[in-house]
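>>> please find the sequence and the predicted model below.
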Amino acid sequence: MATHSGNVTIGTDTETARLSVSGQVNQMTLYLDDASYGNMIIKHQSGQILDFCNGNMSQVFGTNGVEKMRIVHTTGKVGIGTSSPGASLEVRGGSSPSEFRVGGNISHVAKMIVETNTHYQDLEIVISRYGYSYELIKHINYGGTSGGSPGGLHFQSNNGNDPHHFSVYQDKMYIGGDSNTPTFTYNLEVEGTFYSSGSSMEYKQEVQDYKPDTDAIMNLRPVHYEYKNKWKKFGKRLANNNGQIGLVAEEVAEVMPELAVMKEEDGKDVVRNVDYEKLTVVLLSEIQELKREVKALKEKN
């Protein structure tokens, strides 16, 4: 109904605006004939909810009269915590840290999907701080065409112009180096220094001289072999496609168990590898013993 003041109320006698509606409304359509004048605002008694503003029909969402999100009409960009988004989606935190959180419950998997319109384009996630952009994650397709292979993920902490620090491509990993296009020859390739374990006295106890059994050393059987097709990826690429050389882990476990590396499979420990690095300690001890024997023979003669 229309009131003497020119305002219209539906379902209420309280005038709060030109049109006030109270009660259950399944759908309401408002048409602003000339959008160049003023805003079209939908409000709740608790504060502003939706504002088609400034004559350009940008959509503004807010709570308690404070703008929280804006969709810019001219660009389609979305701003959360900012009224002038500079990207397709820009999130600002104001005086508090910005958070973008994707969460699920115990019965659903949480996902965040970022995609390009063609599967062979590069995709980057960049951190910007004080005007400097730092590439955090970069997805590159090494196929080179729309039918190419899935791309790799590259992680780095410095400026995007610097080499990649950590790269993953399919089932391969590359660390270090100065190449923007690592070859991914091996499942794990490290270009630079590599620290695997400590040998300081600080880490050890019950330290004693090691005297390997000479007969045991002589019973180690060097072999020449090829990996089965299923395990071809275990072998290194050798010149002229030569076969592999080494020891058989099960035989080493019987002769010198201190060199046999165990692995848990189906709840049981099984022998699967040889600690070739520590084999040098065995040989060093044997060489020292031979040196002492040669010296004693020389002194005797």
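The structure has been received and is ready for your questions.

>>> okay, CA-based contacts and neighbour counts for the rest of this
Will do.

>>> so where is the stretch 51-200 of the chain shaky, pLDDT-wise?
The model of the stretch 51-200 of the chain has pLDDT under 70 over residues 51-57, 94-151, 156-164, 177-181.

>>> please repeat the previous calculation with a cut-off of 50.
54, 142-150 (pLDDT under 50).

>>> make sure Q288 is indeed in a helix.
Yes: applying DSSP: H, G, I helix; E, B strand; the rest coil, one finds Q288 inside a helix.

>>> please tell me how far it sits from P257.
For Q288, the distance to P257 (C-alpha to C-alpha, to the nearest Å) stands at 22 Å.

>>> more neighbours: which of those two?
P257 (15 against 11; other C-alpha atoms under 10 Å).

>>> and G6, helix, strand or coil?
Following three-state DSSP, the label given to G6 is coil.

>>> ok, it touching R18?
Yes: G6 lies in contact with R18 (C-alpha atoms under 8 Å); the separation is 7.3 Å.

>>> where exactly do the helices run in the stretch 151-300 of the chain?
Remark: helices assigned in the stretch 151-300 of the chain by DSSP state H, counting those that start in this stretch are 214-218, 249-255, 276-300.

>>> ok, for G192, nearest residue in space, not its chain neighbours?
Closest residue to G192 apart from its sequence neighbours, by C-alpha to C-alpha, 6 or more residues apart in numbering: G176 at 6.2 Å.

>>> what is the burial count for that neighbour?
17.

>>> ok, now S167?
24.

>>> and it, how close does it get to N219?
42 Å.

>>> what about E67, distance to G86?
Distance check for E67 against G86: by C-alpha to C-alpha, it reads 17 Å.

>>> counting neighbours, go ahead and name the busier of the two.
Neighbours per residue (other C-alpha under 10 Å) separate E67 from G86, with E67 holding more: 18 against 13.

>>> shouldn't the residue nearest to G192 be in contact with H154?
No: contact criterion C-alpha under 8 Å: G176 and H154 do not qualify, at 10.9 Å.

>>> number of residues surrounding the residue nearest to L247 when sequence neighbours are not counted?
Spatial nearest neighbour of L247, excluding adjacent residues (C-alpha to C-alpha, 6+ apart): P222 at 5.2 Å. Using other C-alpha under 10 Å, P222 has 10 other residues around it.

>>> might one say that P222 is in contact with Q244?
No: with contact defined as C-alpha under 8 Å, P222 does not reach Q244; the gap is 10.7 Å.

>>> could you pull out the strands for the stretch 151-300 of the chain?
According to DSSP state E, counting those that start in this stretch, the stretch 151-300 of the chain carries its strands in the segments 152-155, 166-169, 172-176, 188-191, 223-225, 244-246, 260-265, 268-274.

>>> could those go into TSV alongside distance to G235?
Shown next, in TSV, are these (distance: least, C-alpha to C-alpha, whole Å):
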stretch	distance to G235
strand 152-155	23
strand 166-169	19
strand 172-176	14
strand 188-191	12
strand 223-225	10
strand 244-246	7
strand 260-265	17
strand 268-274	13
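
>>> can you say which of the ones you listed is nearest to K211?
Closest to K211 of those is strand 260-265 (C-alpha to C-alpha; 17.3 Å).

>>> could you dump the closest one to PDB, C-alpha only?
Written as PDB, here are the backbone C-alpha positions of strand 260-265 (Å, rounded to 0.1, in the frame of the first residue of the first chain):
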ATOM      1  CA  ALA A 260      72.500 -55.800   4.200                       C
ATOM      2  CA  VAL A 261      69.700 -53.200   4.100                       C
ATOM      3  CA  MET A 262      66.300 -54.300   5.400                       C
ATOM      4  CA  LYS A 263      62.900 -53.200   4.200                       C
ATOM      5  CA  GLU A 264      59.500 -53.900   5.700                       C
ATOM      6  CA  GLU A 265      57.000 -55.600   3.400                       C
END
